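Visitor: Based on what follows, work out the 3D shape:
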Amino acid sequence: MATYQYRCDEHGLVETTRPIGTAPEHLGCPTCGGPARRAYSVPRLSLADRRAVALLDRTERTRETPDVVRSLPARASARPQVRASPAQRRLPRP
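Guide: Predicted structure coming up:
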């Protein structure tokens with residue numbers, strides 16, 4: 001089920017819930033009975049994770065024109081410093 005919004009000239013937004021893909025272009029306003037035209041809006045994007053939205057935006061931006069790499073990335077340290085647990089001390093070292 002999806003929530004669809006309609007705009008009545010007198011009463012503003014009217015919401016209705018219907019199965020996906022079955023919303024008509026016009027709906028009768030429940031208050032006055034006049035025609036309410038379907039309004040399109042962005043669905044609850046404010047609830048999305050900001051990092052995920054930023055990633056989607058960057059992906060969309062680079063779809064037609066990808067970012068150009070001008071140099072190699074900085075080299076990471078040869079071996080990351082990780083504290084081994086006592087059980088791992090007995091393992092052979094490379």
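Visitor: Not counting sequence-adjacent ones, nearest residue to E10?
Guide: Among residues not flanking E10 along the chain, C32 sits closest, at 5.6 Å (CB to CB, 6 or more residues apart in numbering). C-beta coordinates here come from the backbone N, C-alpha and C atoms, glycine included.
Visitor: per-residue pLDDT, that neighbour?
Guide: Looking at C32, its pLDDT is 89.
Visitor: what about it, neighbour count?
Guide: Neighbour count for C32, taken as other CB atoms under 10 Å: 12.
Visitor: ok, now which ones touch it?
Guide: Contact analysis of C32 by CB atoms under 8 Å, 6 or more residues apart in numbering lists C8, E10, H11.
Visitor: got the buried residues for stretch 8-23?
Guide: By 16 or more other CB atoms under 10 Å, the buried positions in stretch 8-23 come out as C8, V14, A23.
Visitor: those helices in the protein, which residues are they?
Guide: 50-61 (DSSP state H).
Visitor: okay, and for it, where does confidence drop off?
Guide: 43-46, 76-84 (pLDDT under 70).
Visitor: related to what we said a few turns ago, which of the buried residues of stretch 8-23 fall within strands?
Guide: Among the buried residues of stretch 8-23, the members found in strands (DSSP state E) are C8, V14.
Visitor: just the buried residues of stretch 8-23 now: which is nearest D57?
Guide: A23 (27.7 Å; CB to CB).
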